[in-house]
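Colleague: structure here, sequence nowhere to be found:
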């Protein structure tokens, strides 16, 4: 016995109601629509304490309405951002009842304590065109025309309200005055028009939301009931409780949420939005996922069979976090799993990491790291199933070479790669965890962002790598320069992949108003390359550096062919190069370098600078005068 006060066999499992409620948050087709209503119903049936998250935006919304500010209020965002939740929270905070909120009426009115009448629309998409027109005209009057008879509160997706405003304007034969200002506010975070207050839930930080969701679920009070559960008796492992324990950060697992947060940050900086609903689904899936369970999510009643069949390892949260327990089509329907799939974790690896996983069990030279990094985890690491499949694969048994057996081993190998990404120590130089992803320089990107945010200098190695990659894209040559940047062309065709004519060159670090500066775009939180071709305002060209563009330049700097990583990034870089060439031409026209003209040179000549490569790979520009016959 393990000392736990366990329930008798056949007795009701103490956490079954809580786990059943947690399943309602998981990635199932049932909660794709009317999520707020679905969760409320599940909570009423389960009769457990709800999962509560802080709502700083809700507090601001309530404070705004209670301040008596005139006009209207728009709660905007994307699907899953919690618009209905915030709208319902506001309704309750200003005196509305749950019964009235649950009525079938789509447009609700509520007398506010200050005497105003508030008109609530919890979901603009539910309204017919004529209902929508009435509400939007009311919003226009209150926001732009000073009408204080009604205070309009609308919850809507970005695209929904812009489409409804466009259609209303077309029916009225005009451009609706709210549409363009709202579109600009959504895109750039600017101020909404007139007296309209805008609360855009899609702008909430993803990492902070992830950490809060993980804590709210993994630290929930209902888990205390698991201490008396028979499923943990006699040394048995309950995969639900094990996954929850690892999320809490016990036994060296503290890096899990931090590294998952890194992935979420990179996804956000690549332009992907992960709503709170998806983060809730992700966390529920990490704890409850198992490919053999109904809908891929375990219930307490499934655990005894999972233990008996020896399939606990298939419930690994290291696979569940990527939706490995779900059919691929269903997983990719959720933005969060689609975003995490872009990192290729499980498919990507290093030769050293794969060597450790495949040969470490039998190779004496790898015995120490294998014991420390793999065998130390008997639940999801060096499990009997993995070691058995590995032995069959290495011994070359006839069945092990069959396609089905090879596929099984490769699936297990992918599972171990995923686990390593989350469990490798930060300072494990031989096995860098970012090497297990498609973003091998992801850590450098996040470090650069952090340094820029704190106004600290970025790493010299990072700057040098970016400059080398930039020069190789600019010229199409394998040059090693890291101190200067060539702005090169092919003599007129700026989209050419190989350019050996140097139009100008600038320092790799801003000096006396020229050269490259790496700065932080506070609007997007991304790094940005800012290259000044001459001193003075208006002589710079900027290039937003998303994580995928950063990765592209670093890969090119390390020897990858530009088109082999991302044709899209290559096209973006060539467009940036074209802007630099146009800017260089404008500057030259404004400030002709007359002092460089040598006396005696014929008028009918062209001076060109060709980029050549020295023995050690450094490029240099060599001036050549081409005489043209009259």
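Modeller: That came through fine. These numbers were taken from a predicted model, which means no experiment stands behind them.

Colleague: give the buried residues for stretch 533-545.
Modeller: 533-534, 539-541, 543, 545 (16 or more other Cβ atoms under 10 Å). To be clear about C-beta, it is placed using only N, CA and C from the backbone, and glycine gets the same treatment.

Colleague: spatially, which two of those residues are the most separated?
Modeller: When the buried residues of stretch 533-545 are compared pair by pair using Cβ to Cβ, the farthest-apart members prove to be 534 and 545, with a separation of 22.2 Å.

Colleague: picking that back up, filter the buried residues of stretch 533-545 down to just the ones in strands.
Modeller: Filtering the buried residues of stretch 533-545 for membership in strands, criterion DSSP state E, returns 540-541, 543, 545.

Colleague: list just the nearest of these to residue 376.
Modeller: Nearest to residue 376 among these, with distances taken as Cβ to Cβ, is residue 545, at 38.4 Å.

Colleague: now do the helices in the stretch 301-450 of the chain.
Modeller: Residue ranges of the helices in the stretch 301-450 of the chain, as given by DSSP state H, counting those that start in this stretch, are 303-309, 317-320, 328-332, 335-341, 351-359, 367-370, 384-395, 403-423, 442-453.

Colleague: buried residues in the third one?
Modeller: The one in question is helix 328-332. Applying a neighbour-count criterion of 16+ other Cβ under 10 Å, one finds residue 331 buried in helix 328-332.

Colleague: pLDDT (mean, whole number) over it?
Modeller: In this model, helix 328-332 has a mean pLDDT of 91.

Colleague: which strands and helices sit next to that helix?
Modeller: Based on contacts counted as 3 or more Cβ pairs under 8 Å, 6 or more residues apart in numbering; DSSP states H and E, the elements that helix 328-332 packs against are helix 335-341.

Colleague: need the pLDDT of the closest residue to residue 196 other than its chain neighbours.
Modeller: In space, and not counting its chain neighbours, residue 196 is closest to residue 143: 3.9 Å by Cβ to Cβ, 6 or more residues apart in numbering. Per-residue confidence at residue 143 stands at 93 (pLDDT).

Colleague: shouldn't residue 143 be in contact with residue 69?
Modeller: No. With contacts counted by Cβ atoms under 8 Å, residue 143 stays clear of residue 69, the gap being 11.4 Å.

Colleague: overlap of the contact sets of these two?
Modeller: Residues touching both residue 143 and residue 69 (Cβ atoms under 8 Å, 6 or more residues apart in numbering) are residue 195.

Colleague: between these two, point out the one with more neighbours.
Modeller: Comparing residue 143 with residue 69 by other Cβ atoms under 10 Å, the one with more neighbours is residue 143, at 24 against 13.

Colleague: so the more buried one sits in a helix?
Modeller: Yes. Per DSSP: H, G, I helix; E, B strand; the rest coil, residue 143 lies within a helix segment.

Colleague: show me what contacts it?
Modeller: Residues counted as contacts of residue 143 (Cβ under 8 Å, 6+ apart) are 71-72, 178, 193-196.

Colleague: domains for this protein, by residue range?
Modeller: As assigned by automatic domain parsing, the chain contains the domains 16-51+220-341, 56-203, 351-439, 457-625.

Colleague: so which of these is nearest residue 446?
Modeller: domain 16-51+220-341 (6.0 Å).

Colleague: distance from that closest one to the middle of the chain?
Modeller: Between the centre of domain 16-51+220-341 and the centre of its host chain there is 19 Å, according to Cα atoms, centre = their mean, to the nearest Å.

Colleague: now the end-to-end length of it.
Modeller: Taking Cα to Cα, to the nearest Å as the measure, domain 16-51+220-341 stretches 31 Å from start to finish.

Colleague: and stretch 96-104, by the same measure?
Modeller: With Cα to Cα as the measure, stretch 96-104 spans 15 Å from end to end.

Colleague: show me the shaky parts of the stretch 51-200 of the chain.
Modeller: Counting by pLDDT under 70, not a single residue of the stretch 51-200 of the chain qualifies.
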